[in-house]
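K.L.:
based on what follows, work out the 3D shape:
(one chain, ligands or ions: 1)
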Amino acid sequence: MLEKDTQQQQQRRSELVRAARAKSATARYYLAGYCDSTRCDVRDVLVMAKNHLESIGELHCPACGRRLLSGAHSFGVRGVETAEQYDAITHQRARDDVANQLVNERLRREQGDSPLILKQASEIKSGVTLDELQAMFRDRDQSDTHA
Ligand SMILES: [Zn+2]
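P.N.:
Numbering: from 1, shown residues only. Reported below is the predicted structural model:
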């Protein structure tokens, strides 16, 4: 059986979509939700929507049909994001991925050919800026020339 959004939930989502559409200069925005059914393997669902009509109602799981709850952690999308916000999220994730690869490379150099790389929690990179990334590459290149 499909659960229906309450009127309050529909209103809240409509407000978020309207705000995203109004803020976004581009012709797309993103909606995300997750399926919390224990009988379904789908976790997060990300929808890129056209900025044309106001036709999107509630989102349902593509596998089990249950109403999706708002937000999709694995995509970094809280519920509704403008195209610009979504692009910023994906760019940040890309910088963080590269920064964490550089940390892993350094740890591999320092710890040798161990199958298990020991990493401190403080060495997990998040929210890395382009300047910080550039500095990390500079450090790596300097350690390469000293090796
Ligand atoms: Zn589902």
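K.L.:
all contacts plus neighbour counts: C-alpha atoms, from now on.
P.N.:
Noted.
K.L.:
which residue ranges make up the domains of this structure?
P.N.:
As assigned by automatic domain parsing, the chain contains the domains 7-82, 90-146.
K.L.:
now do the top helix by length along the chain: which elements does it pack against?
P.N.:
Longest helix of the chain, by residue count under DSSP state H: helix 83-111. Here helix 83-111 touches strand 28-34, helix 130-146, going by 3 or more Cα pairs under 8 Å, 6 or more residues apart in numbering; DSSP states H and E.
K.L.:
picking that back up, where among the domains of the chain is the average confidence lowest?
P.N.:
Set side by side, the domains of the chain give their lowest mean pLDDT on domain 7-82, at a mean of 85.
K.L.:
and it with the ion, contact?
P.N.:
Yes - counting by Cα under 5 Å from the ion, the ion has neighbours in domain 7-82: 35, 40, 61, 64.
K.L.:
ok, back up a step: deepest of the helices and strands packed on helix 83-111, which one?
P.N.:
Across the helices and strands packed on helix 83-111, the average number of neighbours (mean count of other Cα atoms under 10 Å) peaks for strand 28-34, which reaches a mean of 23.
K.L.:
can I get the next helix or strand after that one in CSV, CA atoms only?
P.N.:
Reading on from strand 28-34 to the C-terminus, the next helix or strand found by DSSP states H and E is strand 44-50. Presented in CSV, the C-alpha positions along strand 44-50 are these (Å, rounded to 0.1, in the frame of the first residue of the first chain):
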residue,chain,number,x,y,z
ASP,A,44,18.7,6.6,-2.1
VAL,A,45,17.0,8.0,-5.2
LEU,A,46,18.1,11.2,-7.0
VAL,A,47,15.9,12.9,-9.5
MET,A,48,17.0,15.7,-11.8
ALA,A,49,14.0,17.7,-12.7
LYS,A,50,13.3,20.2,-15.5
